[in-house]
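Student: Let's see this in three dimensions:
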Amino acid sequence: MTKIVGVALGGLLLMAFGLVVPAPAARADIPRGDVGWQYSESGRGYYQPPKGTPTPSQPPGPNDWVQEILINQPEWDCRGAGIGDCSPLAIWCNPDLSPNPREPIYVRSVVRYQWKDRGDRAKWHGTADCYPTPEWVPIEQLSYDFKYEIQRNLPKPRISLHPAPKTLVNLPTIVSVDDPGTQTFDITVPPSQGRTFELHGQITATPDYTWTFEDAGGGRHTVKGAGRQFDGTLPDGHPGYYVTNTFGTAGQGKVHLQVRWTGTVVVDTVPPQPIVPVTFDADTTVQVVESHPVLSR
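Tutor: Numbering: from 1, shown residues only. Presented below is the predicted three-dimensional model:
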C-alpha cells in the first residue's frame, strides 16, 4: 500500500507537469546483513536496515554501464540529487499510509550511468520505489518462541488444595502452585517468509499468579501469589502465610489459576525491550460441604 500511494501521488504530479520520463528497466535486490539487528519503537519489532551497493572498486571500460543502489529513508529527491533522467522526480514513503505501518520503510533508488559519466550526474538515469525491509521480526514472535520454551522445559502448573477433595463452608481453603521463579532462555527465530537471517535473543521473565474462586452461589474472589503447601501452620493465626479462599456456599467450588510471564528480551546490542506477556491457565474443582457437629461421650 505504501508503495502504491507514494508512487501514485508522485506520478500524478509529474503527469500534470508533463515531466514523466521512461524508467530504466534494470532493477536489483538490496544486499543486507552487515548491520546488526535494531529495534523499532513505533513498530515494536526488530529489523536489519538494508544497504546500498558501492561504486565499483575496479574501473570498467569508459562506455560500460554501471548500476548503483542507493538507500534513503523516508524520501528521495532525484532532481535534487542532480540526476538528469528521473522517474519519479521525487518519492516519499510514509509508513503511516500503509495498512501495516510496523515494518520500517525505505526508498530504494537505482541509478545507471556510463563509467565515463560518473562525475556528471546530469547524464545519469534514476528510478525509485518504496521498500519495506524483509528482515523484520515482530516482538510477538519472540514471545511465542518463549512460550514454547516454557512448555518444553517446565512442568505445567498444577494446583494443590488443602483440604481436598472436600473442604468446609466458611473455613479457609489453602491453594498453591510450584513457583519456578525467574527464568532465562536463549531464543532463536529462524529465517522465514523472505527473511534471510536468524535472530538470536535472550529472554528473562518472571511469573505472576492470579487465583479466581467461584462458589456454587456465584460468589467470586480473586487473590494473587503462588502460595505454599500446608505445612502444619494454621491459617487463622497467620494471615498472609498462605494463599486462601473461604467458600460461602456448599456445592461445587471452582478454582482458576492464571500464570502470567512478563520480562525483557536482549538482541545484539539493543537495550532490553519488554516482551508481550505469556499466559498459562489451570483449573480444578473442590466439593464444598457443610460442617456438622460431632457428638461424643
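
Student: all helices for the stretch 51-200 of the chain, in order.
Tutor: Secondary structure of the stretch 51-200 of the chain (DSSP state H, counting those that start in this stretch): helices at 139-153.

Student: which residues of it fall in strands?
Tutor: Using DSSP state E, counting those that start in this stretch, the strands of the stretch 51-200 of the chain run over 65-72, 75-77, 85-87, 90-92, 105-114, 125-132, 136-138, 160-162, 166-168, 172-176, 183-189, 199-214.

Student: Would you convert those into CSV that also reports distance to Ile150, mean pLDDT and mean neighbour count?
Tutor: (Glycine included, C-beta is placed from N, CA and C.) Output for the strands of the stretch 51-200 of the chain, formatted as CSV (distance: least, CB to CB, whole Å; pLDDT from 0 to 100; neighbours: other CB atoms under 10 Å):
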stretch, distance to Ile150, mean pLDDT, mean neighbour count
strand 65-72, 39, 87, 17
strand 75-77, 44, 84, 19
strand 85-87, 52, 91, 22
strand 90-92, 44, 86, 21
strand 105-114, 34, 89, 21
strand 125-132, 32, 87, 23
strand 136-138, 19, 89, 20
strand 160-162, 20, 96, 17
strand 166-168, 30, 94, 16
strand 172-176, 19, 97, 23
strand 183-189, 7, 92, 15
strand 199-214, 8, 96, 18
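
Student: can I get the ones you listed in TSV with distance to Glu290?
Tutor: Output for the strands of the stretch 51-200 of the chain, formatted as TSV (distance: least, CB to CB, whole Å):
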stretch	distance to Glu290
strand 65-72	75
strand 75-77	76
strand 85-87	85
strand 90-92	74
strand 105-114	67
strand 125-132	66
strand 136-138	54
strand 160-162	18
strand 166-168	8
strand 172-176	14
strand 183-189	43
strand 199-214	18
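
Student: Phe280: which of those is closest?
Tutor: strand 199-214 (8.6 Å; CB to CB).

Student: helices or strands up against that closest one?
Tutor: If you count contacts as 3 or more CB pairs under 8 Å, 6 or more residues apart in numbering; DSSP states H and E, strand 199-214 packs onto helix 139-153, strand 183-189, strand 220-224, strand 243-246, strand 251-267.

Student: Quick check: which of the ones you listed is buried the most?
Tutor: strand 243-246 (a mean of 20; mean count of other CB atoms under 10 Å).

Student: Send over that strand as CSV, restricted to the C-alpha atoms.
Tutor: Output in CSV follows, covering the C-alpha atoms of strand 243-246 (Å, rounded to 0.1, in the frame of the first residue of the first chain):
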residue,chain,number,x,y,z
VAL,A,243,-3.0,-18.1,49.8
THR,A,244,-6.5,-19.0,50.8
ASN,A,245,-10.1,-18.7,49.9
THR,A,246,-13.3,-19.1,52.0
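
Student: Tell me the strands beside that strand, with direction?
Tutor: Partner strands for strand 243-246, per DSSP bridges, with pairing direction: strand 172-176 (antiparallel).

Student: So Ser176 sits against Gln229, correct?
Tutor: Yes - Ser176 is within contact range of Gln229, at 5.0 Å (criterion: CB atoms under 8 Å).

Student: shared neighbours, those two?
Tutor: Jointly contacting Ser176 and Gln229 under the rule CB atoms under 8 Å, 6 or more residues apart in numbering are Ser160.

Student: Val266 and Pro277: what is the separation?
Tutor: 17 Å (CB to CB, to the nearest Å).

Student: Check what pLDDT Gly194 gets.
Tutor: Per-residue pLDDT puts Gly194 at 69.

Student: What values do phi and psi take at Thr279?
Tutor: Thr279 adopts backbone torsions of phi -120, psi 150, taken as degrees, to the nearest 10.

Student: Equivalent analysis for the one 10 residues further on, please.
Tutor: Per-residue torsions, Val289: phi -120, psi 160 (degrees, to the nearest 10).

Student: What's opposite it in the beta bridge?
Tutor: Val289 forms beta bridges with Leu168, as assigned by DSSP bridges.

Student: again, but for Trp76
Tutor: In this entry, Trp76 is beta-bridged to Ile91, by DSSP bridges.

Student: hang on, it packs against Ala90?
Tutor: Yes - at 6.8 Å, Trp76 counts as touching Ala90 under the criterion of CB under 8 Å.

Student: thinking again about what came up before, out of the strands of the stretch 51-200 of the chain, flag the one nearest His238.
Tutor: strand 172-176 (10.6 Å).

Student: And the spatially most central residue of the chain, what's its pLDDT?
Tutor: Centroid-nearest residue in the chain: Ile139, 1.3 Å away (criterion: CA atoms, centre = their mean). With respect to pLDDT, Ile139 has a value of 91.
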